[in-house]
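# just a sequence and a predicted model for now, questions to come.
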Number of protein chains: 2
Amino acid sequence: MFAMARAATTTDAFNAVAEPRRRQILDVLAGGERPVSELVEALGLAQPQVSKHLRVLREVGAVEVRDEGRRRLYRLNGEALKPIHDWVSGFERTWTERFGLLDGVLEDLERQERGAGGDDG
Amino acid sequence: MFAMARAATTTDAFNAVAEPRRRQILDVLAGGERPVSELVEALGLAQPQVSKHLRVLREVGAVEVRDEGRRRLYRLNGEALKPIHDWVSGFERTWTERFGLLDGVLEDLERQERGAGGDDG
DNA sequence: ACATCATATTCCTATATGGGAATGCGTCAA
DNA sequence: TTGACGCATTCCCATATAGGAATATGATGT
């Protein structure tokens, strides 16, 4: 009954930013509050699609809205991206040369332990 | 003719890690090289699905393989995640208190400029 | 050659999008 | 009130998965 082809995009920030356009929107909003029309212009996308992307970003908390007359001003809420930052940061050492060397050593050790008699406690 | 419902998952790291299971795989591999069987056990997922996820991760360069007898040892290649780290890092200031304050000021300034006579250049 | 283990691939299916087009709706100007 | 403007929502459709099941491929042991 349940197939769940893919986690709903609205589920978490990871999925939300998997879409290039949405990242682009956040990039623009990093420059400050913007009405939808400006985002439409900046992205060169149709207005409805932009609104739809904004909705997804809103649902994961990456953006917030404020009504101003007939316009809606969107602004970034970067904190919603923190989980992503926290997660990838855990891998930062692997591409940082200095730590990369250390990791090499650690992995060698680990390999030896798993290979030899590494079934302690 | 072209609908392109969503960028192919194999396109970039962002899409690859949008899937929780794949993040989990990378987390396990962060502990060192592992044969598929161990990943299957660690994830509690069927073997074919794990192999499929590994394929995606391979295609974006997040993991590399090494044949050892009838087993295939996968290892992490964190460098493929650097683009993600670079991108989110650009937003780090927005949730870091110290910078958050500064951003507030900058945004106020920006709002004023755009509000007043900001159509120069 | 044959059985078995470890993985990868293929087929099938329900579901989740993303864009395009049309439409709904609240706000502001006359 | 009427009309235009700014945005959100809905309908439609092609496409991309993710998982389940079955099968193919490769290496190892006897």
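Thanks, I have the structure now.
# for chain A, which segments count as helices?
Using DSSP state H, the helices of chain A run over A:13-16, A:20-29, A:36-43, A:47-59, A:82-89, A:97-115.
# would you agree residue A:61 is in contact with residue A:80?
Yes: under the criterion of Cβ atoms under 8 Å, residue A:61 makes contact with residue A:80 at 4.1 Å. In this view, the C-beta of every residue, glycine as well, is placed from N, C-alpha and C.
# ok, the two, which is more surrounded?
Neighbour comparison, residue A:61 and residue A:80: the larger count goes to residue A:80, with 23 against 14 (by other Cβ atoms under 10 Å in any protein chain shown).
# go ahead and confirm the more buried one touches residue A:58.
No: in this structure, residue A:80 is not within contact of residue A:58 by Cβ under 8 Å, at 9.9 Å.
# low-scoring stretches of chain A, by residue?
By pLDDT under 70, the low-scoring segments of chain A are A:1-10, A:98-100, A:102-104, A:111-121.
# quick check: neighbours shared by residue A:61 and residue A:80?
With contacts taken as Cβ atoms under 8 Å, 6 or more residues apart in numbering or on different chains, the residues that reach both residue A:61 and residue A:80 are residue A:13.
# quick check: neighbours shared by residue A:80 and residue A:58?
With Cβ under 8 Å, 6+ apart, residue A:80 and residue A:58 have no common neighbours.
# could you list the domains of chain A?
A:13-78, A:82-115 (automatic domain parsing).
# pick the most buried one from the ones you listed.
Of all the domains of chain A, domain A:13-78 carries the top mean neighbour count, a mean of 17, counting by mean count of other Cβ atoms under 10 Å in any protein chain shown.
# what's the first-to-last distance across that domain?
End-to-end distance of domain A:13-78 (Cα to Cα, to the nearest Å): 10 Å.
# at the contact with chain B, which residues of chain A appear?
Listed as neighbours of chain B in chain A under the rule Cβ under 8 Å from any Cβ of the partner chain: A:6-7, A:14-15, A:17-20, A:23, A:26-27, A:30-33, A:75-79, A:81-82, A:84-85, A:87-95, A:106-107, A:110-111, A:114.
# measure residue A:28 to residue B:61 for me?
In this view, residue A:28 and residue B:61 are 28 Å apart by Cβ to Cβ, to the nearest Å.
# err, residue A:89, not the other one
Taken as Cβ to Cβ, the span from residue A:89 to residue B:61 is 19 Å.
# how about residue A:96?
17 Å.
# try residue A:53
From residue A:53 across to residue B:61, the span is 27 Å (Cβ to Cβ).
# cool, and residue A:108?
In this view, residue A:108 and residue B:61 are 22 Å apart by Cβ to Cβ.
# same check, this time on residue A:40
Following Cβ to Cβ, the distance that separates residue A:40 from residue B:61 is 34 Å.
# beta partners for the residue nearest to residue A:30 when sequence neighbours are not counted?
Nearest non-adjacent residue to residue A:30, counting by Cβ to Cβ, 6 or more residues apart in numbering or on different chains: residue A:76, 5.7 Å away. Beta-bridge partners recorded for residue A:76 (DSSP bridges): residue A:63.
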